[in-house]
Structure formats: structure tokens, C-alpha cells
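Participant: Sequence plus predicted model, see below.
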Amino acid sequence: MKTCLVNLVLVLLVQLSICLSGAHGNIFFLEQQLNGLRNISSYWSSQKGKAQGYLKGWDDSNTPCFAEDGKNWLGVECLQTPTNYSYIGNYFDNTVDSLITVVGLTLREANISGSLPEAIGDLAPLMFLTLTGNSDLTGPLPVSLANLSESLITLDLHNNNFDGSILSPISHLYRLHTLDLSNNSFTGAIPAFRNHTELQTLALRGNKLDGEIAMDAFLSLKSLITMDLSNNSFSGPIPMLIADTSQNQGLSMIKHINLSRNAFSESLSDLGSIKFNQSYNQSYDLSYNNQSYQLNSSVLQVLDLSHNKIWGDVSKVDDLMSGIGSQIQEVYLDNNNISGTLLLDSRFSYYYGNYTRLRILSLSYNSIENVILSFDDTVFRPSLFNNIRLAGNPFCNTTAGNDSFDSFLANCLCRQNCTIYDFEKKARNDAVKIALAVSVPSVFLVVLVAVLLYRKSTQKVRQQHKYNLIQMQKTFEEYDVKPTIFTYRELEIATRNFHPTMKLGEGSYGAVYKGELSKSHIVGVGELSKSNIVAVKTVKQLPINIEQGMEEFLNEVALISGMKHRNLVKLKGCCLKDKQRLLVYEYIDNHDLEWHLLEAGKSKTILSWPQRLRICVGVAHGLHYLHSLAQPKIIHRDIKAANILLDNNFEPKIADFGLALLFPEETTHIMTIHVAGTNSRSTQRKS
């Protein structure tokens, strides 16, 4: 039965074909297609312009494809279908080698002028029609395009100058996968795409289309991935995007939607009125519309609602972000009427701290009057300062020029200029000015001044602490590393207030403590004191007295964090509190090499010679990485058995490899001591 159907199709095709002989054997062209191409060629060649030079080979002397001299028609794509059957007269003839079908016509920037001739409809079963970048290609789309309804899957006519309505021809092209009519001069309404279930790309931007879009116009587009209707004059309510996902209706595969620069007007209580498929929807753009609604929530990757009439208190941005999802990268709410005070607190940080991919949250040119920084630094993520943009708000004007943390905040949020500011120095200068101004020998005044100075000093300290957090995250992002920023309180709890029983050792770089964080991962904590730093594998808490700038310290910590090798102890994070510096390392719980070599009698496992060889090779690999592959290259300067830690598989890990970066040359001597206050030596000793 199947063979009979194939034969019948071939009979019908060959009846409308022209047989030619040549280098490719006996081939058949569909006569209608051949005549259609010749008519199109004749029309375009007769128009003013330079199309003749671009329509290379378009003449009657050659066939469109598989010409004997190899001079095929430029831009014409053909499909050769081998067959053992052909219909000659009233019988089949097996001398015909193949059937040739024109399946594609592609002419980009070919200087074509005139219109698209009606003969285009004679090219059925054409599959691909691409005519782009021809500014003199004008007029309406021919009605005969509907003849391609059974075959056409790509219609790309962008960057021409077509005009007129698209209703009639496009409505019939239900097999389309790609429809791009961007940057023409089409007018009127758009069709309801109720039968275009295979459409994946719909691009109509930059035309003169207008009117209201039917609410159910897109509900059948189950395969649609990209929709761009921007830069038109559409009005009325936004059409439904998801009707009933249980019945597989709506844009279930959509990734990018751009409805910007139109005149959509609808009063929405929240963005939930526009329904999205939360599994796939990635971007949504409604900028330059007449939208007027309060903010709430949605799930997106790129959300652009700029240049609308969105109104409401800026606090409702939290509600919007809480529903967007962790994949969000950019949110634009510029040039609207969002007002109030932006509160950067724990709740704000909770929503935004988990958006690790968030690059931009832009609230520029609204009516935000103030920003208050009030947070619990256990949950605050300073990287948000690099992402939030508030340019053009009243807040940016009122704080400009103030020599205070508010000024720093304004520079950071309004101009993305987070420069270093010495708040402690400013506090000292203010204290001197106030002290010089006190001349009345009154105890009351002295006490009052003391209280004021104390409050001002503590306020500056808090501001400096906030700034430190911001600067830390900014530095780490510049180096593209993500060490954890621990709070001092977290490390106090982890080490039981740095209790002696938690102490693993002490050396010239400081003390090392074992700490257990609330999330049940154990790290090593080294305490940094008097230009000494200890690098263990646990949470390190380090008071420091050396004159080392915070920026320099953070840069060096960032460099150490970037050293990734299986034979190096991993730096997990750090903590800054006043002049204290804390480094947090992974915890290695199988002692160091010195312990295994010198105290083998106490060890249950004596190192075998293969294990020793493996340790030597691993150390060599780690040193080779530091000396040759790391950026910057690092010389350990104190490699010894006590600085070779072993995991449970006796894989060696080099400790203290980056600490020389943090200290002057003359302070690099390391002294290893035994654990104080315990019955055994430290399982993780670092110097």
C-alpha cells in the first residue's frame, strides 16, 4: 500500500515536471516552480536598481540547480530526490534518475527593488523564504503566499520596506517555525495565531502594527520560544500567555518575550495577572508601555518593565523578587513612579542573597527618597551594592557631597563608584573638632560631649563594618572567587569562644582552632596576631596589629582562594572585625606527615612505602602548581612535614602555601608547637 502511494505521488509530480538531461543524468524539475522563478527573475531584473548584479545566473540559459556548467542561480536551494520511477506518457520509465524540488530562496542585501511578485506562490512546495536587508523592497505581501501554506516553515523578511496588512497571508501559513517581519512598515492588526502550533520564533518588532491583540491570540503557540512585538503601537490589555497548563494551552516553552515600546494599557493588581510558565519563561519586557499596576511577583530571567506607569512603594519590589526565582539575571524598573524608602535589611537580603546570578537590579529615575541600611550581617550579602542602580532618584541628590557613609552609599548605588573611605579617620577628626570647641568647665558638658563622641564613634565603627563587608564582596567578585564571608559571631560559636580545648596549635602565624559551624561542616580556624598568621584547616580567628591595609589583605585572600589543586589545603573563607582577620580553611582530620613519621608508635597506621611514595608525588604536584601554574606564582618558603596534611586516603595537602603573601619577608619563620590542653597532638597543625 505504501509503495502504491509513493508511486501515485511521483505520477502527479512528474505530470507537472520538465525532464532535462545532463551531467546529473535525467532529472525532473517541477514546471510550476521553474516558471515561477523565471517570472520572479524577469520582474526584479526589470526594476530600477542593481538587482541584476546580485541575481547571478538568474536567466533561462541555465537551470536553477545542478547546471552542467556549475552556474546555479544565486540563493536558490534545491532538493534532489533519487527515484527509480518516472511517468512518461502512459507508462513508468526507470531511466529518470531524480526529481529536483526548489526548497529555499535566500537573498540577503541583494539590492532588490519593487515588490514581492505574486509568482512567489508558484514556488510550492518551498520551505524557506529569506529576503532581508533590501530597503527598496516595498509593497504589501502577495496573497499568493497562502499557496505555500503546506510547506513553508521559515519566512524571514526583516529589514525591508514592506507595508500593508499581514492578516490574510500570514493566517494561512500554519506550518511556520520562524516568522520574522521585523523592521518593515506593516500596518494594521495581527492575526490570531490559533493554528500555528509549530511556530518557534515570532518577530514583528519595528513596524506600524496597532490595535488590540485578541486575548487568546497566542494560546495555541505551544512551541514558541521567542516573541518580540516591540516598537509598534499595540494597545489594550496584554493578551493571555498561559490559560490552562493542565490542558497544555499557552506558551509553555517561551523563553523571551518583548512587548516594549507599545501602548499596552491595563490596570493590574500585580504581575501575577500575567501568567507565566514557571518552568521555562526566562525573559519578559514591557518597557515603554502605558502599564499601570502595583508590583508583585513573576518568574523570569530578564525582566524589563522600564518606561511604564508602574506605581507603588519601593518595598513591594521585595514581593516582586520573591516570586521571580533564582535564575533571574537582570531586572529593570527604570523611569516609573516607584517611591518611598528602600530598606536594605535582612528581609531584603534574604530575597536577593540567593540570586547568585543577579547582575542588575535597576530602579533608576524613580522617586525613591531614601535608603536605610539596617541588617543582620549573618544574612547580608554586600555584593548587592554592585547590582543595585538608583541613578536619577531624589536619594542621589540629597546625599551628594556629604562626607559620610550616606555619601559613600549614594556613590555606590547611584554611580556604581564604591571607593574606599576611611570612616575611622573621619571619626577621629570629628572628635578633635568637638573637643576643641568645648571651653566651659562643666561636668555636665564634659559628660554630654563624651556621650556624643562615644555615640558618634560607635556609629562610625558600625558604618566602617558595613563598608568592610561591601569592600570584601566587591574585591572577591573582581577576582571571580567566592570565598564565604563568615561573621565573627559565627566563628565564636564554632570555636566555643576560641576555647583552649578547641586549640589545635600555635605558630609564628598565629593560633589555630578547630571549629564546627552550624551547618555541620568542620573547618580550621587560625588566629592572626602581631604580624603572625596561622593557616590551619579550620575556622581561623586572628587579631592583628600589623599596619596592613584592608584592601591589600582582601586582594591577597582573593588570590589564595583562587588556588585550586587537590594537593593544596582549600581556603574556604574569611572574616573581618575591626582589626581582626580570620581565615577559614577546610578541615583535614588525619594528622600531618610529621606526626605519622615521628610518632608512628602512637599511630594505628604505619605508612607503607607505596603510601610514602604517593605522598611525595602529591607534594611534588602541589609545589609544581604553586611554582609554575598558579597566578601569581608562589614560593612556599617553609615546606616541611608539619605543613603536609593527610586526608583519610593519605592524600597529601600542602598547608600555609599562601601565607607568605600576607606578611613581610622577615616574619616568615614558622614555629610548630604541640596542642595545649589536650591529651594528644593536633590532628591539624599549621604554622
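Facilitator: Perfect, I can see it now.
Participant: could you point out the longest strand in the protein?
Facilitator: strand 98-108 (DSSP state E).
Participant: Helix or strand next in line after that strand, which one?
Facilitator: Using DSSP states H and E, the helix or strand that follows strand 98-108 in sequence is strand 128-132.
Participant: I'd like to know which helix or strand in the chain has the lowest mean pLDDT.
Facilitator: One helix or strand of the chain scores below all others by mean pLDDT, DSSP states H and E: strand 267-268, with a mean of 32.
Participant: hang on, the earlier thing: list the buried residues of the longest strand of the chain.
Facilitator: Under the neighbour-count criterion of 16 or more other C-beta atoms under 10 Å, strand 98-108 has 98, 99, 100, 101, 102, 103, 104, 105, 106, 107 buried. Bear in mind the C-beta positions are built from the backbone N, C-alpha and C, glycine included.
Participant: any idea how far the spatially closest residue to residue 614 that is not a sequence neighbour is from residue 504?
Facilitator: Using C-beta to C-beta, 6 or more residues apart in numbering and skipping the chain neighbours, the partner closest in space to residue 614 is residue 650 (6.7 Å). For residue 650, the distance to residue 504 (C-beta to C-beta, to the nearest Å) stands at 20 Å.
Participant: what do you get for residue 511?
Facilitator: Separation of residue 511 from residue 504 (C-beta to C-beta): 8 Å.
Participant: do residue 127 as well
Facilitator: Counting by C-beta to C-beta, the gap from residue 127 to residue 504 is 72 Å.
Participant: Who has more neighbours out of residue 650 and residue 504?
Facilitator: residue 504 (27 against 18; other C-beta atoms under 10 Å).
Participant: what helix or strand does the more buried one sit in?
Facilitator: Using DSSP H and E, residue 504 falls within strand 503-507.
Participant: Also residue 42?
Facilitator: Using DSSP H and E, residue 42 maps to helix 31-46.
Participant: Using CSV, lay out the buried residues of strand 98-108 together with distance to residue 317 and pLDDT.
Facilitator: Output for the buried residues of strand 98-108, formatted as CSV (distance: C-beta to C-beta, whole Å; pLDDT from 0 to 100):
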residue, distance to residue 317, pLDDT
98, 64, 73
99, 62, 79
100, 61, 84
101, 56, 88
102, 55, 91
103, 51, 92
104, 48, 93
105, 49, 93
106, 46, 92
107, 48, 91
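Participant: ok, back up a step: which secondary structure elements does the strand holding residue 504 sit against?
Facilitator: Packing partners of strand 503-507 (3 or more C-beta pairs under 8 Å, 6 or more residues apart in numbering; DSSP states H and E): strand 510-516.
Participant: can you tell me which residues contact the residue nearest to residue 614?
Facilitator: Contacts were defined as C-beta atoms under 8 Å, 6 or more residues apart in numbering; by that measure residue 650 touches 590, 607, 611, 614, 615.
Participant: Widest-spaced pair of these?
Facilitator: Spanning the widest gap among the contacts of residue 650 are 590 and 614, at 13.6 Å by C-beta to C-beta.
Participant: Return the set of residues that bridge with residue 343.
Facilitator: Here residue 343 sits in beta bridges with residue 372, as judged by DSSP bridges.
Participant: quick one: it and residue 370 touch, right?
Facilitator: No. Here residue 343 lies out of contact with residue 370, judged by C-beta atoms under 8 Å, at a distance of 9.1 Å.
Participant: about what we covered before: give me the average confidence score over the strand holding residue 504.
Facilitator: If you average the pLDDT over strand 503-507, you get 71.
Participant: tell me the angle that strand makes with strand 510-516.
Facilitator: Angle of strand 503-507 versus strand 510-516, following axes from the mean of the first three to the mean of the last three C-alpha atoms, to 10 degrees, is 160 degrees.
Participant: Point out where the stretch 301-450 of the chain drops to low pLDDT.
Facilitator: Scanning the stretch 301-450 of the chain with the threshold set as pLDDT under 70 gives 301, 308-309, 318-328, 345-357, 374-386, 398-405, 418-450.
Participant: run the last query once more with 90
Facilitator: For the stretch 301-450 of the chain, the stretches flagged by pLDDT under 90 are 301-391, 395-450.
Participant: domain ranges for this structure?
Facilitator: According to automatic domain parsing, the chain comprises the domains 1-174, 423-470, 479-687.
Participant: and residue 168, helix, strand or coil?
Facilitator: Here residue 168 takes the helix state, with states given by DSSP: H, G, I helix; E, B strand; the rest coil.
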